[in-house]
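>>> could you look at this predicted model? Sequence included:
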Amino acid sequence: MSYVDRVIDEVKAKNAHEPEFIQAVTEVLTSLKPVIDANPQYEKAALLERIVEPERAIIFRVPWVDDTGVVHVNRAFRVQFNSCLGPYKGGIRLHPSVNLGIIKFLGFEQTFKNSLTTLPMGGGKGGSDFDPKGKSDNEIMRFCQSFMTELCKHIGADTDVPAGDIGTGAREIGYMFGQYKRIRNVWEGVLTGKGLSYGGSLARTEATGYGLVYFVQEHLTCHNDSFAGKTVVVSGSGNVATYAVQKAQQLGATVVTMSDSSGWVYDPNGINLAVMKQVKEVERARISEYAARVEGVKYFAGRGVWSIPCDIAMPCATQNELFIDDARQLVANGCKIVAEGANMPTTLEATEYLIESGLVFCPGKASNAGGVATSGLEMSQNSGRLSWSFEEVEEKLKGIMKNIYHAADDAAKLYGFEGNLVVGANIAGFKKLADAMLAQGIV
Ligand code: NDP
Ligand code: 2IT
C-alpha cells in the first residue's frame, strides 16, 4: 500500500465521525501522490501524519442570556491546525451545523490556502453551533462577548488571528474585538475584517468575491477570453456571493441566480445588487423578498441554481452544495468553468466528473484565497500602524490572485496534470508547507 493510501486509511479510522474532514484529507492527499512519490524524505519525516493532525484543538462552553432572560449554552471550537508558516489564521463560523469535524476540515483547507497566498500565515479555524438567525443585536453581542471571554486566552496578533466566515461579519467581529481589548488590555490586530475606523482594511469586505472573479479572469485572459457577455450562475447571497456578483457584473457578465438556505431566485435580466443587499445585508430577510420586489424574477424554494444554463458557475454558499447530478446538468447545459467561492462546495464525485468532462475547475483553496490574503494585508497594515487606499489593496489582491492561478497552473504542468487546477493548487500549497516543516525539524 502506498504511503498516501496508508495515511488516508489511518485518518478514516481515527476520525470516523468526521465525514467532511475525511473528504478534505482524501481530496488533498490523493492529488499529492506524484510529489510524495518523488520525495521519499517526506515519508521518513512522517510529514503527512503530522499535516493531518491539528497542533491543538480547543473546545469550550459559551453560556449567554437571551432577551427574555433564558440561559443558553453553545459549544465552540478553535482548531489551531498548523503554525509552520505564520500565526494560525482563519475565520470563525457561526452556524447550527458547526461541529469539530467541520472546523477541522476548514482548518486543514485553510493551511494549504494560506500557503498559496505566499503571505506569512499558518492555518486555523473556529466557530460555534450558535445560530445568529432571528437573534437581536443585543443577543448577538452577549454571545460574542461570552465567546471571546474564553477565546481571548488562546489567540493574539502573533499567535492566532481569527476573522469572519459564515454567520460572522463586521458586526460580530466588532463585538469580539471590543471584548478582547477589554479583557487583555491590548489594542492589536488580533482579528481581521474589523471596522475601518478601528484597524480594518479597505477592500477586505469585497476581497473574497472580487478575488474569486480575478482568479477566473486570469484564466480567461490567458485564453484570449473575458467575462464580457457571459452568463453566470451563483449560489449564496452572503459576503462572498455578493461581491463575486458585483465584480462579475462590473466585468460585463450577467449573473442570473443567487440563493440562501431557504431557496433561490432566477433573474433573467441580471441580479439587481442594490435590492439584494438591502434584503440580505440590511434587513437580514429571506431571499424570497427579493423576488417580491423585483419584476420578472422567479423564486423557488429549496435548492436548484445549477439547473440554469450558464457559462460559469460559482458556488458561494457552503460545503457540499454541488452534487454529481448538478455537475451532470451543468455539463449538459454547456457550462465551461466552475469556480468555488465557498470552501469545498463541490463533492468529490462531482469534482472528478467536471474535470473529466473537460471543464475548468477552480478549487476553493486557490480561487477563494483573496479573503484571507487581504486579511494578511490587514495584519501588515496593523503591524505598521498604517492604512492603505482601496486601490492599493485591490491592486495587491489582484496580483496575489494572478500569482495563485499561475502557481497552481504551473505545478499542474510540472507534474503532468496540465489544466488540472485541483492537483496544481494542492501541490503548490503543499510543497512550500512541507519544505518549511522539514526545515523546522520534528515538531
Ligand atoms: P455568509 O454567512 O455571509 O453567507 C452565507 C450564504 O450561504 C448565505 O446566503 C446563507 O444563507 C448560505 N448558506 C449558509 N449555509 C447554508 C446551508 N447549509 N445551505 C444552504 N445555504 C447556506 O458567509 P460567507 O459568504 O462569508 O461564506 C460563504 C462560503 O465562503 C463559506 O463556505 C465560507 O467558508 C467561504 N469563504 C468565506 C470567506 C470570507 O472571507 N467570508 C473567505 C473564503 C471562503 P442564509 O442567509 O439563509 O443563511
Ligand atoms: O475561509 C476563509 O478563507 C475565510 N473565512 C477567511 C479567513 C480569514 O482569516 O480572513
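Noted; the coordinates are in hand. Ligands and ions are numbered 1, 2, ... in the order given.

>>> only C-alpha atoms for contact and neighbour calcs from this point on.
OK.

>>> quick check: closest non-adjacent residue to Asp129.
Across the structure, with Cα to Cα, 6 or more residues apart in numbering as the measure, the residue nearest Asp129 apart from its sequence neighbours is Pro96 (4.1 Å).

>>> after whichever strand or helix holds Ser115 comes which helix or strand?
For Ser115, the enclosing helix or strand under DSSP states H and E is helix 100-117. Scanning forward in sequence from helix 100-117 by DSSP H and E, the next helix or strand is strand 123-128.

>>> that following strand pairs with which strands?
For strand 123-128, the paired strands and their directions (DSSP bridges) are strand 71-82 (antiparallel), strand 88-94 (parallel).

>>> among the ones you listed, which is the most enclosed?
Using mean count of other Cα atoms under 10 Å, the stretch among the strands paired with strand 123-128 with the greatest mean number of neighbours is strand 88-94 (a mean of 28).

>>> coming back round to it: how far does the helix holding Ser115 sit from its chain's centre?
Once both centres are worked out by Cα atoms, centre = their mean, to the nearest Å, helix 100-117 turns out to sit 9 Å from its chain's centre.

>>> quick one: buried residues of stretch 94-105?
For stretch 94-105, the neighbour count (16 or more other Cα atoms under 10 Å) marks 94-96, 98-105 as buried.

>>> the residue nearest to Asn333 when sequence neighbours are not counted: which element?
Leaving out its chain neighbours, the residue that sits closest to Asn333 by Cα to Cα, 6+ apart is Pro309, at 5.2 Å. Counting by DSSP H and E, no helix or strand carries Pro309.

>>> residues in contact with Pro309?
330, 333-335 (Cα atoms under 8 Å, 6 or more residues apart in numbering).

>>> mind checking the SS state of Val161?
At Val161 the chain is in strand, as set by DSSP: H, G, I helix; E, B strand; the rest coil.

>>> does it touch Lys194 like I think?
No. Val161 sits out of contact with Lys194 when judged by Cα atoms under 8 Å, with a separation of 11.7 Å.

>>> spell out which parts of this protein neighbour ligand 2.
For the chain, the residues in contact with ligand 2 under the definition Cα under 6 Å from any ligand atom are 89-91, 162-165, 369, 371-372, 375.

>>> got TSV for the buried residues of stretch 94-105, with distance to Leu348 and pLDDT too?
TSV is the format used below for the buried residues of stretch 94-105 (distance: Cα to Cα, whole Å; pLDDT from 0 to 100):
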residue	distance to Leu348	pLDDT
Leu94	25	99
His95	23	98
Pro96	24	98
Val98	21	98
Asn99	21	98
Leu100	21	98
Gly101	17	98
Ile102	16	98
Ile103	19	99
Lys104	18	99
Phe105	14	98
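
>>> next, give phi and psi for the residue nearest the centre of the chain.
Central residue of the chain (Cα atoms, centre = their mean): Asn343, 4.5 Å from the mean position. Note on Asn343: backbone dihedrals following degrees, to the nearest 10 are phi -90, psi 120.

>>> what residues does it make contact with?
For Asn343, the contacting residues are 106, 109, 318-319, 364-365, 368, by Cα under 8 Å, 6+ apart.

>>> buried residues in whichever helix or strand Lys431 is part of, which are they?
If you go by DSSP H and E, Lys431 is part of helix 421-439. Across helix 421-439, burial judged by 16+ other Cα under 10 Å covers 421-431, 433-434, 437-438.

>>> ok, is the helix holding Ser115 in contact with ligand 1 or not?
No. Contact between helix 100-117 and ligand 1 is absent, the nearest approach being 7.4 Å (criterion: Cα under 6 Å from any ligand atom).

>>> other SSEs contacting that helix?
With contacts defined as 3 or more Cα pairs under 8 Å, 6 or more residues apart in numbering; DSSP states H and E, helix 100-117 has these neighbours: helix 19-31, strand 71-82, strand 88-94, strand 123-128, helix 364-367, helix 370-383, helix 390-414, helix 421-439.

>>> write out the residues of this protein neighbouring ligand 1.
If contact is defined as Cα under 6 Å from any ligand atom, the residues of the chain in contact with ligand 1 are 164-167, 208, 236-241, 259-262, 316-319, 341-343, 368, 371.

>>> these in helices, which ones?
Counted as lying in helices by DSSP state H, out of the residues of the chain next to ligand 1, are 208, 239-241, 371.

>>> using CSV, lay out those together with distance to Tyr42, neighbour count and pLDDT.
Shown next, in CSV, are those (distance: Cα to Cα, whole Å; neighbours: other Cα atoms under 10 Å; pLDDT from 0 to 100):
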residue, distance to Tyr42, neighbour count, pLDDT
Thr208, 33, 29, 98
Asn239, 38, 24, 98
Val240, 36, 27, 98
Ala241, 38, 25, 98
Gly371, 30, 29, 98
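
>>> what average pLDDT does the helix or strand harbouring Ala350 get?
Taking DSSP H and E as the definition, Ala350 sits inside helix 348-356. Over the span of helix 348-356, the pLDDT mean works out to 98.

>>> show me what the following helix or strand past that helix is packed against.
Using DSSP H and E, the helix or strand that directly follows helix 348-356 along the chain is strand 360-362. With contacts defined as 3+ Cα pairs under 8 Å, 6+ apart, strand 360-362 has these neighbours: strand 337-339, helix 348-356, helix 421-439.

>>> which residues are contacting strand 360-362?
By Cα under 8 Å, 6+ apart, the list of residues contacting strand 360-362 from outside reads 216, 336-340, 351, 354-355, 419-422.

>>> now for the residues you listed: which two are most distant?
Val216 and Thr351 (16.9 Å; Cα to Cα).

>>> doesn't Ser288 make contact with Lys280?
No. Contact criterion Cα under 8 Å: Lys280 and Ser288 do not qualify, at 10.3 Å.

>>> roughly how far apart are the residue in the stretch 51-200 of the chain that ligand 1 sits nearest to and Phe105?
Per Cα to the nearest ligand atom, Ile166 is where the stretch 51-200 of the chain lies closest to ligand 1, at 3.4 Å. With the distance defined as Cα to Cα, to the nearest Å, Ile166 ends up 15 Å from Phe105.

>>> tell me what the residue of the stretch 51-200 of the chain found nearest ligand 2 is bridged to.
Here the residue of the stretch 51-200 of the chain nearest ligand 2 is Gly90; by Cα to the nearest ligand atom that distance is 3.6 Å. When assigned by DSSP bridges, Gly90 has beta-bridge partners Pro162.

>>> for it, give me its contacts.
Shown in contact with Gly90 (Cα under 8 Å, 6+ apart): 107, 110, 123-126, 161-164, 372.

>>> just the buried members of the residues you listed?
Buried members of the contacts of Gly90, scored by 16+ other Cα under 10 Å, are 107, 110, 123-126, 161-164, 372.

>>> possible to save those as a markdown table with pLDDT?
Conversion of the buried ones among the contacts of Gly90 to a markdown table gives the following (pLDDT from 0 to 100):
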| residue | pLDDT |
| --- | --- |
| Gly107 | 98 |
| Gln110 | 99 |
| Gly123 | 98 |
| Gly124 | 98 |
| Lys125 | 99 |
| Gly126 | 98 |
| Val161 | 99 |
| Pro162 | 99 |
| Ala163 | 98 |
| Gly164 | 98 |
| Val372 | 99 |
